[in-house]
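Asker: Below are the sequence and a predicted model; questions follow.
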Amino acid sequence: MAEDNEIPFMQRVLDNHFLLLFLGIAVPTVLYIIWGIMEIIAIPVAK
Amino acid sequence: MATTYRNCPRTGLQFDTAAEKLMRWNAVVGVVFLLVGGIMALFVILTRWPSVKLLPADQFYLVLTAHGVDMLLVWIIFFEMAVLYFCSSTLLRCRLATPKWAWVQFWLMLVGAAIGNYAVLAGESSVMFTSYAPMMASPLFYLGLILFAVGALIGCFVFLGTLVVAKNERTYEGSIPLVTFGALTACIIAIFTIASGAVILIPTFLWSVGILKEIDALMYRVIWWGMGHSSQQINVSAHVAIWYAIAAIAVGAKPLSEKVSRFAYFLYILFLQLACAHHLLSDPGLGSSWKVLNTSYFMYFAVMASMIHGFTVPGAIEAAQRAKGYNNGLFEWLRKAPWGSPAFSGMFISLVSFGFLGGISGVVLGTEQLNMLMHNTFYVPGHFHATVVSGTTLAFMALTYFLVPVLFKRELIAPKLCALQPYVFGISMGVLSLVMMGAGTLGVSRRHWDMAFSGAPFQYEWPGAAYLMMGLTGIFGVIAVIGGAMFCLLIVGSLLWGKKLDEGKVTTERTPFPPNTVAANVSGHGDAEHASVPGTVVLAMLLLVSFVLYYFVNWKYLSEVWGLS
């Protein structure tokens, strides 16, 4: 644990491959896909 | 069965023999599809060339679909599977996790690619790479793509599993090597890409067999581009990793700052996929906030990351060359670089083309207002031929010249032709991209098979320059196809007739990479010792000035579209 604390925070983030995987999926899914789908759903239906 | 390792006597690399076989097969099949896609490219070029106009419309869209699918997906992702296995198992000196599943990856991708190609060549799926709904292809087309994507997803998990194996077996110390980190970035983007593909292609398949009644066209475009554009972002991460690898192999270069390079990859992981939105900048159903934030704000973080890589790779080469004593003037390090090595020349031409042509045009296309000037014009394929072909394909070709003796244990045949090939392909593809973008700026459409609109009730008078640009597209396109054919012939010829090389010892023991070898250079850590790189700074300033000038010239064009008086 003491050894872990000596490693800089950013390096610990970059060495955590599954955290990177989560971020790499979550960020574009939220900003591009989900936000994009919400935009489309918000288009009023023609009457 | 115990894992066996082959020690390459030329590089010091140690290959898990099971992984090595998979790398070879993935790379070979990739090159076969490059050949198929290249033949299709010749037909596309000879049809868009106004004075030749070889094929009728139906056959043109058929070959264009096959060209797009084979080049943008099949060739590149097969090769990337080989790169993922190399960067994990070989650079981390460990066994490949679950080789049997890796074979499932290979066969699913091969069967998927074969079914997809059959569906296109049978003439019932001429929907082009984008396959926009409500245009419907044969169900086999979507099925082929789904099988291919599932195979690629399995390959990504085998890569991640191998990282876990290496960590558990402590085959490396500290962080994974920078090149492997680049491959990890490509793998993460690939998983997002494939997930987006699954979300849209599975319902589209169900629609094509009649189970679903309709597919919303706008929803399709948004989610499809999550796959269509992100698949090209896998390429960016993979080819940047290859730039670092070849710089280390060719001149023993170390990054100027490993921390900064890793951070640039982190920016790719977070933001690179958001560039998908630039295909939808003219879609009225999506709001400006979504468009502008995704393309003009978040994407600029990824652009900054590319500029970091674009600076640090030549900077690393300059630092390594200066440390060897090439210190005269600004550019002796560059003049004395190993330009006769196709691995180095291919990598450097790829880097310059990607930065100057692909990078600058990408930022212009990603600006919402400027995008209106060239949306869906011939500019778009001009841009992605600079990124995906001059950038990615040429980098993969460069790596292949290194892999033939190392992985396939064969000497390259016709070394002079091998040395010439990256110049023929790279320079012609660079000019081709430029003239395609020139034609697009003049309004030539992206996909219409006949720019003259022969027989249409209303004719459009193109300026002579548009026909000139399309004629030049034909000429340089044919030269680029010749360059691609040279590559296929030289590589296949080397595999069949190249002199057999010493395989090296096969053992069950893992051994550390010997110092001062290619293996130690590619997998090592640490920054370059000679930190002053004035030549690279000048090159970077040249890129910046070119970018600023080109960017504002386009704003001037835009201001002339509508008069304000």
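Answerer: That came through, no problem.

Asker: The stretch 1-150 of chain B: helices as residue ranges?
Answerer: Assigned by DSSP state H, counting those that start in this stretch, the stretch 1-150 of chain B shows helices spanning B:17-48, B:57-69, B:76-85, B:99-121, B:139-168.

Asker: ok, how many other residues are close to B:S289?
Answerer: 10 (other C-beta atoms under 10 Å in any protein chain shown). To be clear about C-beta, it is placed using only N, CA and C from the backbone, and glycine gets the same treatment.

Asker: mind checking how far it is from A:W35?
Answerer: 9 Å (C-beta to C-beta, to the nearest Å).

Asker: Please work out how many residues are found near residue 18.
Answerer: Using chain A here. Per other C-beta under 10 Å, the neighbour tally for A:F18 reads 11.

Asker: oops, I was thinking of chain B
Answerer: Using other C-beta under 10 Å, B:A18 has 19 other residues around it.

Asker: likewise B:V548?
Answerer: Neighbours of B:V548 (other C-beta under 10 Å): 11.

Asker: Tell me who's in contact with it.
Answerer: Neighbour list for B:V548: empty [criterion: C-beta atoms under 8 Å, 6 or more residues apart in numbering or on different chains].

Asker: what's the answer for B:D216, then?
Answerer: Neighbour list for B:D216: A:I40, B:A133 [criterion: C-beta under 8 Å, 6+ apart].

Asker: Check it and give its pLDDT.
Answerer: B:D216 is assigned a pLDDT of 94 by the prediction.

Asker: so who does the residue sitting nearest the centre point of chain B touch?
Answerer: What sits nearest the mean C-alpha location of chain B, by C-alpha atoms, centre = their mean, is B:T392, with 3.0 Å. By C-beta under 8 Å, 6+ apart, the residues touching B:T392 are B:I76, B:Q232, B:N235, B:V236, B:A238, B:H239, B:S350.

Asker: Can you name the helix or strand that B:V179 falls in?
Answerer: Using DSSP states H and E, B:V179 maps to helix B:178-208.

Asker: can you tell if that helix touches chain A?
Answerer: Yes. Helix B:178-208 comes into contact with chain A (C-beta under 8 Å from any C-beta of the partner chain), by way of B:F181, B:L184, B:T185, B:I188, B:I189, B:I191, B:F192, B:A195, B:S196, B:V199.

Asker: do stretch B:284-294 as well
Answerer: Yes. Counting by C-beta under 8 Å from any C-beta, chain A is contacted by stretch B:284-294 at B:G285, B:L286, B:G287, B:W290, B:L293, B:N294.

Asker: so what's the last one closest to, chain neighbours aside?
Answerer: If I follow you right, that is B:N294. Leaving aside its sequence neighbours, B:N294 sits nearest to B:A277 (C-beta to C-beta, 6 or more residues apart in numbering or on different chains; 3.7 Å).

Asker: Identify the residues contacting the one you found.
Answerer: A:Y32, A:G36, B:W225, B:L286, B:W290, B:K291, B:N294, B:T295, B:M299.

Asker: How far does whichever helix in chain A runs longest sit from its chain's centre?
Answerer: As assigned by DSSP state H, the longest helix anywhere in chain A is helix A:17-28. With C-alpha atoms, centre = their mean, to the nearest Å as the basis, helix A:17-28 stands 5 Å off its chain's centre.

Asker: Surely B:W49 and B:G471 touch.
Answerer: Yes. Contact status for B:W49 versus B:G471: in contact at 6.7 Å, counting by C-beta atoms under 8 Å.

Asker: follow-up on the earlier one: tell me the angle the helix holding B:V179 makes with helix B:76-85.
Answerer: Angle between the axes of helix B:178-208 and helix B:76-85 is 140 degrees (criterion: axes from the mean of the first three to the mean of the last three C-alpha atoms, to 10 degrees).

Asker: same for helix B:178-208, what does it pack against?
Answerer: For helix B:178-208, the packing partners by 3 or more C-beta pairs under 8 Å, 6 or more residues apart in numbering or on different chains; DSSP states H and E come out as helix A:17-28, helix B:76-85, helix B:139-168, helix B:217-228, helix B:230-251, helix B:258-271, helix B:518-523.

Asker: I'd like to know which of those has the weakest mean confidence.
Answerer: Lowest mean pLDDT of the helices and strands packed on helix B:178-208: helix B:518-523, a mean of 92.

Asker: what's that helix packed up against?
Answerer: helix B:178-208, helix B:230-251.

Asker: In a markdown table: these, plus mean neighbour count.
Answerer: Shown next, in a markdown table, are the helices and strands packed on helix B:518-523 (neighbours: other C-beta atoms under 10 Å in any protein chain shown):
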| stretch | mean neighbour count |
| --- | --- |
| helix B:178-208 | 24 |
| helix B:230-251 | 26 |
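
Asker: before we move on, the earlier item: the helix holding B:V179 - what's its average pLDDT?
Answerer: pLDDT averaged over helix B:178-208 gives 96.

Asker: Run the angle between it and helix B:139-168 for me.
Answerer: Interaxial angle of helix B:178-208 relative to helix B:139-168 (the same axes, to 10 degrees): 150 degrees.

Asker: Return the distance of helix B:178-208 from the chain's centre.
Answerer: Relative to its chain's centre, helix B:178-208 lies at 15 Å (C-alpha atoms, centre = their mean).

Asker: Output the below-cut-off pLDDT ranges for chain B.
Answerer: Residues of chain B meeting the criterion pLDDT under 70: B:1, B:530-531, B:563-565.

Asker: Let me know the angle separating the lengthiest helix in it from helix B:17-48.
Answerer: In chain B, ranked by residue count with DSSP H as the criterion, the top helix is helix B:464-497. Helix B:464-497 runs at 150 degrees relative to helix B:17-48, counting by the same axes, to 10 degrees.

Asker: how distant is helix B:464-497 from the center of its chain?
Answerer: From the chain centre to the centre of helix B:464-497 is a distance of 17 Å (C-alpha atoms, centre = their mean).

Asker: Around chain B, which positions in chain A sit nearby?
Answerer: A:10-11, A:13-15, A:17-18, A:20-21, A:23-25, A:27-29, A:31-33, A:35-37, A:39-40, A:43.

Asker: change it to 6 Å
Answerer: Chain A comes close to chain B at residues A:14-15, A:17, A:20-21, A:24-25, A:27-28, A:31-33, A:35-36, A:39-40, A:43, as judged by C-beta under 6 Å from any C-beta of the partner chain.

Asker: pLDDT below threshold where in chain A?
Answerer: The model of chain A has pLDDT under 70 over residues A:1-5.

Asker: What are the boundaries of the helices in it?
Answerer: So, for chain A - with DSSP H - the helices run A:2-6, A:9-15, A:17-28, A:35-41.

Asker: Nearest to B:S361, out of these?
Answerer: Of all the helices of chain A, helix A:17-28 sits nearest to B:S361, with 22.2 Å by C-beta to C-beta.

Asker: Export that closest one to CSV, keeping only CA atoms.
Answerer: Taking Å, rounded to 0.1, in the frame of the first residue of the first chain, the C-alpha atoms of helix A:17-28 are listed here in CSV:
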residue,chain,number,x,y,z
HIS,A,17,-6.3,-0.7,-17.9
PHE,A,18,-9.9,-1.6,-17.0
LEU,A,19,-10.5,1.9,-15.7
LEU,A,20,-9.3,3.2,-19.0
LEU,A,21,-11.6,0.8,-20.8
PHE,A,22,-14.5,2.1,-18.7
LEU,A,23,-13.7,5.7,-19.5
GLY,A,24,-13.1,5.0,-23.2
ILE,A,25,-16.6,3.4,-23.5
ALA,A,26,-18.5,5.7,-21.1
VAL,A,27,-17.3,9.1,-22.3
PRO,A,28,-18.3,8.7,-26.0
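
Asker: Much appreciated, bye for now.
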